[in-house]
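K.L.:
Let me see the structure of the following:
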Amino acid sequence: MAKGADTDNLLRSLPEKEAALGQDHPKLAEYLSDLGTQLYGESRFSEAKKCFERALAIREKTLAVDHLDIAASLANLGMVLLAEGDFACAEPKFKRSLAIQEKALGVEHPSIAAGLNNLAELYRVLGKHDAAEPLYKRAIAILKRQYAESSQEATDVSNNLGLLYYEMGRNSDAEQLLRKVLEAQEKFYGPDHLVVAVTLTNLAALFTERDQFNIAEPLHRRALAIRESALSTEHPKVAESLNNLGWLYHQHGNYARAESLYLRAIQVWQATLGMDHANVATCMENYADLLRKTDREFDAVVLEQKVHLIRRKEPN
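P.N.:
Numbers count the residues shown, from 1 in each chain. Next up is the predicted model:
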């Protein structure tokens with residue numbers, strides 16, 4: 001059964017769980033957290049947020065204020081708020097979660113590294129690079145002391161630091177770190193793992209920015225092939241790779257190939273995430289630019305109007 005179908009089955013079973021356990025049972029909070037995590041993984045952020053909010057409310061009502069389950073719920077909620085772009089609400093969630101963990105576990109516990117990484121990710125998205133870098137480095141140092149120099153956990157955070165360097169324009173540092181991350185991930189997870197696809201995509205973006213088309217193209221193609229094989233041809237992550245590859249061809253002037261990829265990406269995202277999802281708008285913006293470059297001004301304007309309507313519906 002497809003993962004999305006599993007998640008929908010869990011959603012349908014929620015009323016039964018509520019009836020059996022009661023509205024404020026810790027086991028219901030656990031169920032909601034697991035369900036929210038699956039929804040988050042499928043980019044169903046609005047539904048995930050409702051689950052995480054309910055789980056947090058139950059735990060705050062039934063547990064001590066500094067319980068680690070509350071910290072976990074705060075971190076989960078922070079992650080989905082970050083994904084939705086609600087940065088102002090995400091930051092206090094991450095900070096409170098980290099404070100609870102540091103009090104309960106000490107500053108050297110591996111879980112602290114996860115909290116530091118979450119907060120650093122927020123600052124990276126906000127462009128607060130100077131605030132993010134030391135948090136990533138502290139997290140990596142903790143993980144290397146607790147596990148090993150090239151542990152999976154340290155590799156994951158190193159990947160985020162590599163992205164930070166890329167965004168700061170430190171491309172040499174970014175490439176060096178991301179190549180090490182890719183090598184480690186292929187060792188830990190295998191060459192066809194979804195985590196590997198993410199790093200391939202990040203490296204491809206770096207080379208795209210450098211106009212190194214011949215290096216970026218096979219990386220994007222490999223990422224797409226991994227996602228199509230591991231997920232399905234109609235998965236949102238596949239649409240992401242289609243859009244990325246389309247943008248590469250777009251920038252290189254191969255408009256016909258780019259257009260077919262954009263159209264397929266839009267179709268998949270609309271079917272899986274909804275007609276008004278931000279990803280749909282982003283791909284439509286790319287496509288509208290392509291339409292202008294191929295002398296289809298009217299079509300570009302029509303598409304931009306659709307984008308405008310979608311953006312108006314997005315949360316501030």
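K.L.:
which stretches of this structure have low pLDDT?
P.N.:
1-5, 148-150, 315-316 (pLDDT under 70).
K.L.:
In it, which residue sits furthest out from the middle?
P.N.:
Asp295 (34.8 Å; Cα atoms, centre = their mean).
K.L.:
Quick check: chain neighbours aside, which residue is closest to the spatially most central residue of the chain?
P.N.:
With distances taken as Cα atoms, centre = their mean, Ala83 lies nearest the centre of the chain, 6.6 Å away. Closest residue in space to Ala83, ignoring its immediate chain neighbours: Phe45 at 5.1 Å, by Cβ to Cβ, 6 or more residues apart in numbering. Every C-beta, even on glycine, is put in place using the N, C-alpha and C of the backbone.
K.L.:
buried residues in the one helix or strand Asn279 maps to?
P.N.:
Per DSSP states H and E, Asn279 falls inside helix 278-293. Of the residues in helix 278-293, 278-284, 286-291 count as buried by neighbour count, 16 or more other Cβ atoms under 10 Å.
K.L.:
phi, psi of Met275?
P.N.:
Main-chain torsions, Met275, degrees, to the nearest 10: phi -70, psi -20.
K.L.:
That one: what's it in contact with?
P.N.:
For Met275, the contacting residues are Ile310, by Cβ atoms under 8 Å, 6 or more residues apart in numbering.
K.L.:
can we see that at 10 Å?
P.N.:
Counting by Cβ atoms under 10 Å, 6 or more residues apart in numbering, Met275 touches Ile266, Trp269, Lys306, Leu309, Ile310.
K.L.:
of all those, which comes closest to Gln146?
P.N.:
Trp269 (39.0 Å; Cβ to Cβ).
K.L.:
and the angle for the strand or helix carrying that closest one with helix 278-293?
P.N.:
Here Trp269, judged by DSSP H and E, is contained in helix 255-273. Helix 255-273 runs at 160 degrees relative to helix 278-293, counting by axes from the mean of the first three to the mean of the last three Cα atoms, to 10 degrees.
K.L.:
which helices and strands does helix 255-273 pack with?
P.N.:
Counting contacts by 3 or more Cβ pairs under 10 Å, 6 or more residues apart in numbering; DSSP states H and E, helix 255-273 packs against helix 236-252, helix 278-293.
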